[in-house]
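In: below is the structure, and that's it, no one-letter string:
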């Protein structure tokens, strides 16, 4: 009797640790394979550092094939063209058709730059830190900018669901410009679709509103909330500030010599538009056990998963999928796959908690939400230089974890350490 085949789509933060943890869970009882887009893992949280020259591409990347092979996991970097869930198979970009017994979708998002005219690093006028390729291009643009400084505009557009890196990058730019003695020549504006500073797609965590507003004030960064980017042209972003009733409260023409906007996310083309599998934005619909109701042999995790917004806002705001949440999804899926293979009920559930270390170059803000969606048992935030140091340590730890092929949960230990270090009461 042949062993069941488990295919994992995606080799990013979620897909890579999922491959390690799932293989450790099922052992020799199933064949595990990964289909990535390329053969390299990149630690995406370090992209803001790449964009100002604090990191090189090589410093945050790991070649996966030899590690996967050592762990007994098959790997290909050709990418997936289309999933055919009714046929239990995937079509890869090299034309192959591969069948599966269980599929784990961890593809991450498709970046919807095309939804706003002039947005993005390819055909538009703004930079991005969503991919290391974008971050490298942003670093070149930033170096050119320092030769002729001018206004900077940074933010996250309507429909964005990942706000932390936008705050990080604005503060890191401020830190780097001060180090170069150029900050006094650079007006900065932060533009966000959030209803208030520090909302983060989570209706705030602890006092993120006060902490992040304070950081922006102290760094002389102006801001516009409830913002909808109408279009971007060379050197100017047209932004509509929306009132509570949805009407346009004000229009802003923001000149810039350097700009970075995080786009809205959507599901990747390989899964978008599949009835029963994805929602209208192309994100995988999952139940409390991370299984798709229409195709229960398909699991979803990370940014690829559909999560409804925490509440109605004047401008669309998505919900972030942070590392702790992703890791808990991985653990639940690993346990459920083993249970199904052994003929037991797949009843493991992810905790969906959130921990974020937002680095500002010379300090930072940390927050913890348990669970991520309110109401919460833990609702905490804090700031200090220790956050910057913690982010440095986290980068080093996680890259070492990937290089060693370790899939054991990490964020729960980090949460306990933070609680102990900051003397929190849970």
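Out: Sure, I can see it. Since this is a predicted model, take the numbers as computed values, not measurements. Numbers count the residues shown, from 1 in each chain.
In: neighbours of residue 168, how many?
Out: 25 (other C-beta atoms under 10 Å). In short, each C-beta sits where N, CA and C put it, glycine included.
In: gap between it and residue 144?
Out: Applying C-beta to C-beta, to the nearest Å, the value for residue 168 to residue 144 is 22 Å.
In: who does residue 82 form a beta bridge with?
Out: residue 91 (DSSP bridges).
In: and it, what's its pLDDT?
Out: We have a pLDDT of 98 for residue 82.
In: cool, residue 423 as well?
Out: The per-residue pLDDT reported for residue 423 equals 42.
In: what's the answer for residue 33, then?
Out: Listed pLDDT for residue 33 reads 98.
In: residues contacting the spatially closest residue to it that is not a sequence neighbour?
Out: Spatial nearest neighbour of residue 33, excluding adjacent residues (C-beta to C-beta, 6 or more residues apart in numbering): residue 74 at 3.7 Å. With contact taken as C-beta atoms under 8 Å, 6 or more residues apart in numbering, residue 74 is in contact with 31-34, 68.
In: ranges for the strands of the stretch 201-350 of the chain?
Out: 221-224, 227-233, 236-242, 248-255, 258-262, 265-266, 298-300 (DSSP state E, counting those that start in this stretch).
In: got the buried residues for the second one?
Out: What that stands for is strand 227-233. Residues of strand 227-233 classed as buried by neighbour count (16 or more other C-beta atoms under 10 Å): 227-230, 232.
In: other SSEs contacting that strand?
Out: strand 188-192, strand 236-242, strand 258-262 (3 or more C-beta pairs under 8 Å, 6 or more residues apart in numbering; DSSP states H and E).
In: with mean pLDDT, distance to residue 128 and mean neighbour count added, can I get the ones you listed in a markdown table?
Out: Putting those into a markdown table (pLDDT from 0 to 100; distance: least, C-beta to C-beta, whole Å; neighbours: other C-beta atoms under 10 Å) gives the following:
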| stretch | mean pLDDT | distance to residue 128 | mean neighbour count |
| --- | --- | --- | --- |
| strand 188-192 | 98 | 15 | 25 |
| strand 236-242 | 98 | 14 | 20 |
| strand 258-262 | 98 | 7 | 26 |
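In: count of neighbours near the closest residue to residue 336 other than its chain neighbours?
Out: Nearest non-adjacent residue to residue 336, counting by C-beta to C-beta, 6+ apart: residue 346, 3.6 Å away. By other C-beta under 10 Å, the residues close to residue 346 number 19.
In: over to residue 94?
Out: 9.
In: now do it against residue 78, distance only.
Out: For residue 94, the distance to residue 78 equals 5 Å [C-beta to C-beta].
In: over to residue 336?
Out: 27 Å.
In: kindly report the same for residue 315.
Out: From residue 315 to residue 78 the distance is 38 Å (C-beta to C-beta).
In: do the same with residue 309
Out: 35 Å.
In: same question, residue 247
Out: 48 Å.
In: compare those two and say which is more crowded by neighbours.
Out: Each of residue 247 and residue 78 has its neighbours counted (other C-beta under 10 Å); residue 78 has more, 15 against 9.
In: the more buried one reaches residue 95, doesn't it?
Out: No - contact between residue 78 and residue 95 fails when scored by C-beta atoms under 8 Å: they sit 9.2 Å apart.
In: now for residue 331, how many residues are close by?
Out: Count around residue 331 with other C-beta under 10 Å applied: 25.
In: please name the nearest non-neighbouring residue to it.
Out: Using C-beta to C-beta, 6+ apart, the nearest residue to residue 331 is residue 409, at 5.7 Å.
In: cool, residue 252 as well?
Out: That would be residue 239: by C-beta to C-beta, 6+ apart, it lies 4.5 Å from residue 252.
In: what does residue 288 give?
Out: Using C-beta to C-beta, 6+ apart, the closest residue to residue 288 is residue 349 (5.0 Å).
In: same question for residue 362.
Out: residue 175 (5.0 Å).
In: my read: the one you found touches residue 361, true?
Out: Yes - when contacts are counted by C-beta under 8 Å, residue 175 is listed as touching residue 361 (3.1 Å).
In: got the domain boundaries for this structure?
Out: As given by automatic domain parsing, the domain ranges for the chain are 5-111+266-351, 113-263.
In: including distance to residue 375, could the ones you listed go into CSV?
Out: Below are these laid out as CSV (distance: least, C-beta to C-beta, whole Å):
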stretch, distance to residue 375
domain 5-111+266-351, 11
domain 113-263, 10
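In: residue 379: which of the ones you listed is closest?
Out: domain 113-263 (5.5 Å; C-beta to C-beta).
In: what's the end-to-end length of the closest one?
Out: 6 Å (C-alpha to C-alpha, to the nearest Å).
In: please renumber the chain so that the first residue is 44 from this point on.
Out: Done: numbering now begins at 44, and the last item shifts to domain 156-306.
In: chain center to it: distance?
Out: 17 Å (C-alpha atoms, centre = their mean, to the nearest Å).
In: where in this structure is pLDDT low?
Out: Applying pLDDT under 70 to the chain flags residues 44, 454-469.
In: count of residues packed around the spatially closest residue to residue 308 that is not a sequence neighbour?
Out: Ranked by C-beta to C-beta, 6+ apart and with sequence neighbours excluded, the top spatial neighbour of residue 308 is residue 152, at 3.6 Å. Residue 152 has 23 neighbouring residues, counting by other C-beta under 10 Å.
In: do you know how far residue 293 is from residue 376?
Out: 46 Å.
In: so these two - more neighbours on which side?
Out: Taking neighbours as other C-beta under 10 Å, residue 293 and residue 376 compare with residue 376 leading, 30 against 12.
In: quick one, helices of the stretch 294-443 of the chain?
Out: 366-384, 428-447 (DSSP state H, counting those that start in this stretch).
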